[in-house]
Structures are given as structure tokens and as C-alpha cells.
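>>> Below is the sequence, then the predicted model.
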Amino acid sequence: MKRFLLLYTGPPTPPDASHEGWSEWFTKIGDALVDLGSPRTNGFVLGGDRSTSDDAASLNGYSIIQSEDRSKALELIDDHPFLALGKQYSIEVFEVPRR
């Protein structure tokens with residue numbers, strides 16, 4: 001099985017944003033869920049010159065799933081509730097190689 005890192009990106013979610021459907025989605029994918037992840041807030045950037053900035057990428061959170069391949073991973077996340085927030089929200093998917 002391959003592991004995939006899901007990065008939830010977009011503008012900050014509104015304080016009253018619904019988290020409806022998340023628990024159901026986690027239950028639906030079952031053992032494919034490796035780490036349900038966590039929301040992210042207050043990001044900052046550390047540069048190579050050790051300077052800092054508050055211009056971090058718009059990362060709302062992450063999860064880790066596992067599947068046989070990319071197409072199966074896409075099937076798992078096709079109905080992810082985060083995508084229901086609108087076009088400005090997306091899920092970036094990265095394969096996480098095992099050592």
C-alpha cells in the first residue's frame with residue numbers, strides 16, 4: 001500500500017464553517033485512513049537566511065491515507081467534505097515514500 005499526504009488548502013475557513021460530513025467520511029474510508037490529521041493555523045515561514053515572515057502557504061490542515069495507487073486515492077477523496085466549501089478550496093495530494 002502507498003501512503004498519500006492530503007494537504008487542505010484555501011483561504012481560512014470561516015469561524016462558522018460546517019464540519020459536517022467529516023466524521024462520516026473518515027468512517028467511510030475505514031482502514032485507508034492512516035492519520036486523520038489536524039487543522040492548521042498561524043503559520044509562518046523561516047527563510048534560509050533565518051528571517052521569518054507571516055506569509056506561509058494557505059494550509060488549512062492535513063490527513064494521511066493509504067491506497068494501492070493514485071487512482072484509488074482519488075476515488076477515496078472524490079467526495080471529501082472539504083471540497084464542498086467551494087472552488088477556492090482544494091486538496092493537494094502527495095505520495096509519501098516509505099523508507
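Thanks, I have the structure now.

>>> contacts and neighbour counts: CA atoms only from here.
Fine.

>>> Now stretch 8-28: buried residues?
Under the neighbour-count criterion of 16 or more other C-alpha atoms under 10 Å, stretch 8-28 has 8-10, 25-26 buried.

>>> I meant stretch 42-59, not that one.
Quick answer for stretch 42-59 (16+ other C-alpha under 10 Å): 58-59.

>>> contact partners of that stretch?
7-12, 40-41 (C-alpha atoms under 8 Å, 6 or more residues apart in numbering).

>>> one step back: check the buried residues of stretch 8-28 and tell me the two furthest apart.
Gly10 and Phe26 (20.7 Å; C-alpha to C-alpha).

>>> so where do the helices sit in this protein?
22-29, 70-77 (DSSP state H).

>>> With Leu85 as the reference, name the closest of these.
helix 22-29 (12.2 Å).

>>> hang on, the earlier thing: what's the closest of the contacts of stretch 42-59 to Tyr62?
For the contacts of stretch 42-59, the nearest to Tyr62 is Leu7 (4.6 Å; C-alpha to C-alpha).

>>> thought the closest one was touching Ile77?
No. In this structure, Leu7 is not within contact of Ile77 by C-alpha atoms under 8 Å, at 11.7 Å.

>>> picking that back up, could I get the helices of the chain as TSV with distance to Ser63 and mean pLDDT?
Shown next, in TSV, are these (distance: least, C-alpha to C-alpha, whole Å; pLDDT from 0 to 100):
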stretch	distance to Ser63	mean pLDDT
helix 22-29	10	93
helix 70-77	11	96
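
>>> who wins for proximity to Asn60 among these?
Across these, closest to Asn60 is helix 22-29 (C-alpha to C-alpha), at 14.2 Å.

>>> ok and that closest one relative to helix 70-77, angle-wise?
Orientation check (axes from the mean of the first three to the mean of the last three C-alpha atoms, to 10 degrees): helix 22-29 against helix 70-77 gives 140 degrees.
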